[in-house]
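S.K.: Next one to model:
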Amino acid sequence: MKKRFKNLIGNGKRLGDLDTILNAEGFYLAMDEEQVDQFFRNAGAEMSNICWKNGIGSAIYLIFTMDTLQQDIYDSILTVIETEYLSLEAIKRTRGNNRRE
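M.R.: Coordinates of the predicted model:
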């Protein structure tokens, strides 16, 4: 699965296309449309990250920069610098390692 998400890396990625691809894999943003719009408009030219999650707790993070903002935020163009897929098991291990006994 990780290899499939590495294909998302690159210049000229339309936000709506990225969202459609991730939705087809069962991953969704935990924001409504207004929050998505605000998040990406506030990202500016800085490097940012955002997370899509699935129903069982796995997550895909995209590290990106905003290239071109459009009126319809889903038509905006991003450069995806990196993707990271974390399975539920990996997230549990990470959280378990951070707990004090």
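S.K.: any weak-confidence spans in the chain?
M.R.: 1-2, 88-101 (pLDDT under 70).
S.K.: how does it look with 50?
M.R.: 100-101 (pLDDT under 50).
S.K.: Helix or strand: which one has E84?
M.R.: strand 77-86 (DSSP states H and E).
S.K.: Then T65?
M.R.: Counting by DSSP H and E, T65 is part of strand 59-68.
S.K.: roughly how far out does that strand sit from the chain middle?
M.R.: Chain-centre distance of strand 59-68: 6 Å, with C-alpha atoms, centre = their mean, to the nearest Å.
S.K.: All the strands of this structure, residue numbers only.
M.R.: 10-14, 28-29, 48-53, 59-68, 77-86 (DSSP state E).
S.K.: is it possible to export these to CSV including distance to R4 and mean neighbour count?
M.R.: Yep, even glycine has a C-beta here, placed from its N, CA and C like the rest. Below are the strands of the chain laid out as CSV (distance: least, C-beta to C-beta, whole Å; neighbours: other C-beta atoms under 10 Å):
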stretch, distance to R4, mean neighbour count
strand 10-14, 14, 13
strand 28-29, 17, 14
strand 48-53, 13, 17
strand 59-68, 10, 17
strand 77-86, 9, 17
